[in-house]
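*Asks:* fold the following and give me the result.
(chains A and B)
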Amino acid sequence: AQKITQTQPGMFVQEKEAVTLDCTYDTSDQSYGLFWYKQPSSGEMIFLIYQGSYDEQNATEGRYSLNFQKARKSANLVISASQLGDSAMYFCAMINRLQGAQKLVFGQGTRLTINP
Amino acid sequence: NAGVMQNPRHLVRRRGQEARLRCSPMKGHSHVYWYRQLPEEGLKFMVYLQKENIIDESGMPKERFSAEFPKEGPSILRIQQVVRGDSAAYFCASSPGSSFYEQFFGPGTRLTVL
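*Replies:* Purely as a prediction, here's the structure:
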């Protein structure tokens, strides 16, 4: 069974600082994908970044990068130069790429608060 | 190019009533997924459907919950005889096909059971 663990229930960071949100995963599958989503207070789920298990390079999308350490089964999200608008819940999620039914498995989330 | 649409955005029901949640996937998407988010928790998979077929319903409660995705029209998540524990945000996501990894989420329906 797949499992995602996010050990930081909440984080407080000063504006313009970089922040790392932790995510570890557990799976016996060889082919899988890892996602990060942002959920602001308005409630919608916003896709941020994706990393495939066979991707050799760490994924980057603007100020977001994914620090993928396969041997440690970790997929931490790094946000550079944080902004007030980054305050939100952040969820790490995993997908099995070989199964026909590709349900996402989510972690419990980390609430990030950016202080001015 | 409209995204995934869900309605209603907010739904209030009294205990024992029925709740119907609708999801229209993105144009060209034939795969629909439903997830439930209880307060202060992550999303939990409920069911995966293709047109006229339920592919995986391993996350659906055994009673009172059902889902469909007819040939024409939106996908429907139906909750019969709602209880207070059903209060949650219900998200629908869609994708073009099972080999495509990204799922596009709708804005969610917030169900409140009084």
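*Asks:* residue contacts, residue A:9?
*Replies:* Shown in contact with residue A:9 (Cβ atoms under 8 Å, 6 or more residues apart in numbering or on different chains): A:108, A:110-111. Where C-beta positions appear, they are placed from N, C-alpha and C, glycine not excepted.
*Asks:* these: which ones sit near chain B?
*Replies:* By Cβ under 8 Å from any Cβ of the partner chain, the members of the contacts of residue A:9 lying near chain B are residue A:108.
*Asks:* for chain B, which residues are neighbours of chain A?
*Replies:* Residues of chain B lying near chain A by Cβ under 8 Å from any Cβ: B:33, B:35, B:41-45, B:48, B:55-56, B:58-59, B:89, B:91, B:93, B:95, B:98, B:101-105, B:107-108, B:110.
*Asks:* try it again at 7 Å.
*Replies:* B:33, B:41-43, B:45, B:48, B:55-56, B:89, B:91, B:98, B:101-103, B:105, B:107-108 (Cβ under 7 Å from any Cβ of the partner chain).
*Asks:* what's the host helix or strand of residue A:49 packed up against?
*Replies:* Per DSSP states H and E: residue A:49 is located in strand A:46-52. For strand A:46-52, the helices and strands in contact under the criterion 3 or more Cβ pairs under 7 Å, 6 or more residues apart in numbering or on different chains; DSSP states H and E are strand A:32-39, strand A:64-69.
*Asks:* how about 10 Å then?
*Replies:* In terms of contacts (3 or more Cβ pairs under 10 Å, 6 or more residues apart in numbering or on different chains; DSSP states H and E), strand A:46-52 is packed against strand A:32-39, strand A:60-61, strand A:64-69, strand A:74-79, strand A:88-96, strand B:104-105.
*Asks:* contact partners for the residue positioned nearest the centre of chain B?
*Replies:* Taking Cα atoms, centre = their mean, the centroid of chain B lies closest to residue B:34, which sits 3.7 Å from it. By Cβ atoms under 10 Å, 6 or more residues apart in numbering or on different chains, the residues touching residue B:34 are B:21, B:23, B:43-49, B:57, B:59-60, B:65, B:67, B:69, B:75-77, B:90-93, B:106.
*Asks:* recalculate using a threshold of 6 Å.
*Replies:* B:46-47, B:77, B:92 (Cβ atoms under 6 Å, 6 or more residues apart in numbering or on different chains).
*Asks:* so where is the chain shaky, pLDDT-wise?
*Replies:* In the absence of a named chain, this looks at chain A. A:97-101 (pLDDT under 70).
*Asks:* wrong one, I was asking about chain B
*Replies:* In chain B, residues with pLDDT under 70: B:1, B:98-100.
*Asks:* ok so, going back, which of the contacts of residue A:9 fall within helices?
*Replies:* Within the contacts of residue A:9, no residue falls in helices by DSSP state H.
*Asks:* okay, and which of the contacts of residue A:9 map to strands?
*Replies:* Secondary structure from DSSP state E places A:110-111 of the contacts of residue A:9 in strands.
*Asks:* just among the contacts of residue A:9, which is most surrounded?
*Replies:* For the contacts of residue A:9, neighbours were counted using other Cβ atoms under 10 Å in any protein chain shown, and residue A:110 has the most, 21 neighbours in all.
*Asks:* so it makes contact with residue A:6?
*Replies:* Yes: with contact defined as Cβ atoms under 6 Å, residue A:110 counts as touching residue A:6 (5.3 Å).
*Asks:* this completes my enquiry, with thanks.
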